[in-house]
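Participant: Predicted model follows, preceded by the sequence.
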Amino acid sequence: MLKFIRGKGQQPSAERQKLQRELFAFRKTVQHGFPNKPTSLAWDPALRLLAVGTASGAIKIFGKPGVEFYGQHSNHESAVTKIVFVPNEGRLVSLCDDNSLHLWEVNGSILEEVKEHSLEGKLKKISALCLESAREHLLLGTEGGNIYLLNLKTFNMSETIIYQDVVMQNVPEDYKINPGAVEAIAEQPGCPDKILIGYNRGLMVLWDRKAPGADQTYISSQQLESICWHKSGSRFTSSHNDGSYAVWDVGVGEKPLEEPNTIYGPFPCKAVTKFLWRQSKGDDYILFAGGMPRASYSDRHAITVQQGKKHVVFDFTSKIVDFFTIAIEGEDPEFGEPDTLIVLLEEELVAIDLLSEDWKMLSLPYLVSLHASAVTCSQHISNVPVQLWEDIISAGKKQVQDLYSSREWPITGGVILSEKENGKEDNNEEPEVTRNLLLTGHEDGTVRFWNASGIALQPLYKFASAGLFSGDEIGGDGSNGVADDDEEEWPPFRKVGTFDPYSDDPRLAVKKVVLCPLTGTLVVAGTAGSVIVAKIGSEQVEKEVKVTTMNVVSDRDGFVWKGHDQLTPRSGNISLPPGFQSSAILQLHPPAAVTALVLHSEWGLAAAGTAHGLALFDFVRHKGVLTKCTLNPNDLSGAGDAPISRRKSFKKSLRESFRRLRKGRSTRHADKRGTGTSPTAEKKRDGLEFVVEDDEGEEEEVMEKQDSIGGGDASTPSSAPLSPVEPKPVERQVEARPVDDGQGSMVRCLYFARTYIISVQSMTPTLWAGTNNGTVFVFTITVPGGQKRTEEDVSCQLGKEIQLKHRAPVISVSILDGASVPLPDPLEVERGLAKQVDTGTPHRVVICSEEQFKIFTLPSLKPFCKFKLTAHEGSRVRRVGFASFSTSRPDSSTQYTESCLLCLTNLGDCIVLSVPELRRQLNAAVIRREDINGISSLTFTKNGEAFYLHSSSELQRITLSASTITQPRCCLELPEGARPKATETDEEDMEDEDDDEEGDEEKGDEGKIEGRESAAPSPTAQEVQAIPPTVNGDTDHAEPIIQEPDEPKENGTEEDRHDMSALSVGDITIDSVKDHLMTSSEENRITEIKNERLEFSTRTETQSVVKTTVISSGTTVVNSTNSSNIAVVEPTSADGQPSSQTLNEISSRKAPLAKMEDLEIEITM
């Protein structure tokens, strides 16, 4: 009880809480890449907008680069099967596979759903959509054969229905029985009252809606797939499931003008699923999907484009979803001469320039396939120097100069607000404040460079490592976009697109990538133990790439590698194009996958770690400096290859499991009894310094060498019992791990730093290495200076070894200077990009394991503070990074900046911790805990943002900073009176819907997506926002969770543990207090009345969560009102009615605790 009262005074000050709101806020900002599982496509020729619908109910609208709008249907499991734009109105209608229709509007920067309508019944399943040229109705063809009219103003069904029975009156008897579903509807050009109705079995009817009646019927013997009018309105085409298409005259219904044309016959062909007929000044364009011969090319995904004698079959690597053409400006938007073909595929978007002579592809400014080859790793680089940026762009343009057309991107809809404010018209003139790169490593051995500075993620350059190795399995880059050598091939296929999911050799896959932007040095590590060092170059060179081999297990004579072979480097001179040119290759033995990589370009050193140990490489002199094997020397069976090839028997596994249980149980009993600890602070043996720290009996972490340390004392505060509502550990209890863990030797992190490790008088170059079994090796390095660097060897020796007692994997090591700022990257201080390192006070090292963070003072390695995550909250650390958070003070022009530690847990939560106190500043549910790929792919940036794979093809960008937000600031400029005005009733309904959505935190971005807002909420707005999100990804932003400041030694106070959004706010209730304060009779009376008078309501306008409990010796009534987040026990009068005292009156009544009359407790979470 007293603990709770004491906790009341440990909350942050009001000034600190205000500063936290200015610094930290979580929101999902923008999505990069290609939508996952696209299902529909639409084009607005008037506003020049592109829309894509997905299988998860998402709608994305794109205009010019930087113009993006997102929408999400409430039913995430319902795919968007069709989208129809209402041209020039900024509105569209979506059809989902649950047979529901939704009307969307772009209002300002927001795409919001304004109306919805559903049709019930199997016969009313919508199979075709057609928008009237007058834009008043949407025609809905159904599987039952009837056609309904949807009024777009009211979004209700019109009373007019075109019944199939009426249409069938003048049709031959054979088709009256069952013509099938309505497959297509198309309005006749120039005659808005006449529509062409196509039925599934091949019957087509020209229907006059004004008469009403059938003007003509057209009968085909093949199943109908699609219909398309010619611009004149006197002819139309129909495509069929046998690979043929036919041209019909409007006035002749018995048969087509010519026999149906099966271009790729005479043998059976696949269906022509969609057919377009576009007029041209020369020969007309004919475009259709499908129609390939079944026997030879049934697996091809192709679109045929014909113009006179010009005939190309574009061959794609994934299924075709839909396609359309963009007409030349000034031409008829639907039937005019096209200049671009846009094709939406399951895995990419492809644009073909029909104005170029050889119909080349257009370079995409967005919707680029990140997963052209599967993404395996990533790195974000901030503030890239101008020279390197220009060299990368120049090299990238040379790579694709023969692949893409030089014409500008034709989709130009929307207005970027910053351009509008600045009076700019050219979207290319928008200044970029920063130049940020995102590097992605891929399964095919490539590293792709992306411009991550703005809204659209644009490809800049591709580094390919496959050309450095030889082998039968490895082939060169394909001639993408170039016709095959066999010019006589029929059909005339041409490969287009960039999606290529197949890798020539799995050993090429990139595991780690590091770039030093100041020196233009790139290091790429692969699956087969190869480490490539490359430097930027502007001219093509031809040279030999020197290969250095280092044996990590050279001191283990009995070790036998049972995994894959290494890649074979190419010998002799290799032609290296402009861009990053390889200068050295390090080959590790055994050729296991690289698990950790670090580069120090100033020293000319790179270090790589594997499951067997680590190697330090001097790429200036092409020499190995040091190898360290981390395998357990007591394991005689070659344990290093356990993750790859060794398999234990089931009997042995059971036996070992029971032994561990017994050992763990006996160890815990011994810890409860208490054992002595060694007071030794430092030992020296064989010239190596082992650090042994008596951390006052704390269990979680000690530094030891073998058995030189005993157990901890369980009576210390660190091992005190947790709250009664402690969450169950998700994976396992925190306890010591067995020494013979097969994967314990894996190197998880590497870190270079110049710091105090020997004495406080001088800083020494060091290399830190953390392993999977909780060991940290500290190596001291001697780097010759000046001209001696190229003449003398670099030396390195093991200086210290740290062992975490619970053996949790060490995933990060970082060093803070005297100002608690992470040490800058190499050459940043010399180039003026970072402040001078603070050497006035001792440095500190932050060692992050999967279970806790701990800070030690250097060089003594004395513990400073720690933060236990797994022990208190059950989650484990997956990613760690440091970021700088800034805010502009309103009362001054100065900018306040803090450096904080970022952490991602295995539950998908992002936590921001202050350094060096390790106090929680923000906790946000970012990724669903079931999304393993998303959690494992997250990359933090230095400015508080992060990227993770939302799907295999899509990156979600988030921010944890209140000031660093990358979001589209765009809108549509609609003509005056373009959108029909809604009635007053409609407007009221829309306002009510908006209010409901704003108040519903659980819906997040369903229905109304506010992720397009241009700026962060103001501090005033933030103060009235709700409690941070409790459902992963369901809110656009969240407020920081306020942290109690004191007690840095261990996670702050007890209240810190309840900051997690997954925990209940009501941890301290009357039931938990009454045992100390109440008699049994009072307890019974309160329980009875509490069950009768418990009221709940919801309100989301308070920032802090307060729970107030007042206990009276008289008869009481419990009121729990969530609208103010206050629970009050009110005294009642003798007749049982609650008194009319207000909360303020109750709050003012504070009697001494000994009288037990009134007690008020406030707990701020």
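Facilitator: Perfect, I can see it now.

Participant: Now do the end-to-end distance for stretch 534-550.
Facilitator: Terminal residues of stretch 534-550 lie 19 Å apart, using Cα to Cα, to the nearest Å.

Participant: Please disregard the earlier target; I meant stretch 346-365.
Facilitator: First-to-last distance for stretch 346-365 - Cα to Cα - comes to 18 Å.

Participant: Show the average pLDDT along it.
Facilitator: When pLDDT is averaged along stretch 346-365, the result is 94.

Participant: ditto for stretch 286-300
Facilitator: Mean predicted confidence for stretch 286-300 is 94.

Participant: pull the CA atoms of that stretch into CSV?
Facilitator: What follows is stretch 286-300, C-alpha atoms only, in CSV (Å, rounded to 0.1, in the frame of the first residue of the first chain):
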residue,chain,number,x,y,z
ILE,A,286,-5.4,-4.2,-81.1
LEU,A,287,-4.5,-5.3,-77.6
PHE,A,288,-5.6,-8.5,-75.8
ALA,A,289,-4.5,-10.7,-72.9
GLY,A,290,-4.2,-14.5,-73.3
GLY,A,291,-4.9,-16.5,-76.4
MET,A,292,-1.7,-18.5,-76.2
PRO,A,293,-1.5,-22.1,-77.6
ARG,A,294,-2.4,-24.5,-74.8
ALA,A,295,0.1,-27.2,-75.7
SER,A,296,3.2,-25.1,-75.9
TYR,A,297,2.7,-21.8,-74.0
SER,A,298,-0.1,-22.4,-71.5
ASP,A,299,2.2,-21.2,-68.7
ARG,A,300,2.9,-17.9,-70.4
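
Participant: Contacts made by that stretch with the rest, please.
Facilitator: 239, 243-245, 262-265, 267-278, 302-307, 315, 320, 323, 325, 341, 491, 493 (Cβ atoms under 8 Å, 6 or more residues apart in numbering). The way it works is simple: take the backbone N, C-alpha and C, and place the C-beta from them, glycine included.

Participant: try it again with 7 Å
Facilitator: 239, 243, 245, 263-264, 267-277, 302-306, 315, 320, 323, 325, 341 (Cβ atoms under 7 Å, 6 or more residues apart in numbering).

Participant: separation between Leu588 and Ala606?
Facilitator: 12 Å (Cβ to Cβ, to the nearest Å).

Participant: Looking at these two, which has the bigger crowd around it?
Facilitator: Neighbours were counted for Leu588 and for Ala606 using other Cβ atoms under 10 Å; Leu588 has more, 30 against 26.

Participant: The closest residue to the more buried one other than its chain neighbours: how many residues sit nearby?
Facilitator: Nearest non-adjacent residue to Leu588, counting by Cβ to Cβ, 6 or more residues apart in numbering: Gly529, 3.8 Å away. Using other Cβ under 10 Å, Gly529 has 28 other residues around it.

Participant: just to revisit the earlier point, list only those of the contacts of stretch 286-300 flagged as buried.
Facilitator: 239, 243, 245, 263-264, 269-277, 302-306, 315, 320, 323, 325, 341 (16 or more other Cβ atoms under 10 Å).

Participant: Keep only those of the residues you listed that are in strands.
Facilitator: Judged by DSSP state E, strands contain the following of the buried ones among the contacts of stretch 286-300: 239, 245, 272-277, 302-306, 315, 320, 323, 325, 341.

Participant: From Gly799, how far off is Pro179?
Facilitator: 85 Å.

Participant: Compare the two and say which one has the larger neighbour count.
Facilitator: Pro179 (24 against 19).
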